[in-house]
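S.K.: sequence unavailable; structure follows:
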């Protein structure tokens with residue numbers, strides 16, 4: 001059933017007094033939230049998460065990994081338990097931002113001890 005059909009069905013239920021206007025409004029709001037989640041998920045699942053690690057001295061790339069977004073959302077929440085705390089990075093906040101369609105460079109970290117730069121992009 002499409003969203004438009006579901007909306008019409010809810011309105012008819014109000015008209016036939018099977019539900020009151022307040023219940024109908026609540027159902028319509030829930031339907032709107034569900035619709036937004038579907039559209040954001042469709043966008044996110046078609047994108048890629050790209051991790052790029054470069055050597056600060058030579059500028060050469062040592063790691064270049066592309067991961068489909070449909071795997072990232074599950075992996076990010078699962079992996080959050082095993083990743084050490086990083087200053088200024090809230091993994092849950094990052095996962096929520098990705099769910100909402102965040103794109104571009106999302107992480108840029110320089111590790112002077114290891115001489116590496118880590119960049120993470122959503123495309």
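M.R.: Arrived safely, thanks for sending. It should be emphasised that the depicted structure is a prediction, and the values quoted were computed from it without experimental measurement. Residues are numbered from 1 along each chain as shown.
S.K.: any stretches of the chain with poor pLDDT?
M.R.: 1-2, 34-46, 73-74, 76-92 (pLDDT under 70).
S.K.: show me it divided up by domain.
M.R.: 3-44, 47-122 (automatic domain parsing).
S.K.: switch these over to JSON lines; also include mean neighbour count.
M.R.: All C-beta atoms are positioned from the backbone trio N, CA, C, and that covers glycine. Formatted as JSON lines, those follow (neighbours: other Cβ atoms under 10 Å):
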{"stretch": "domain 3-44", "mean neighbour count": "13"}
{"stretch": "domain 47-122", "mean neighbour count": "12"}
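S.K.: hmm, residue 119 is touching residue 105, no?
M.R.: Yes: judged on Cβ atoms under 8 Å, residue 119 makes contact with residue 105 at a distance of 6.2 Å.
S.K.: where do the helices of the protein begin and end?
M.R.: Along the chain, counting by DSSP state H, helices occupy 3-15, 21-45, 69-79, 91-99.
S.K.: and residue 123, how many residues sit next to it?
M.R.: A count of nearby residues for residue 123, using other Cβ atoms under 10 Å, gives 11.
S.K.: skipping adjacent residues, who's closest to it in space?
M.R.: Excluding the flanking residues, the one nearest residue 123 by Cβ to Cβ, 6 or more residues apart in numbering is residue 48, at 5.1 Å.
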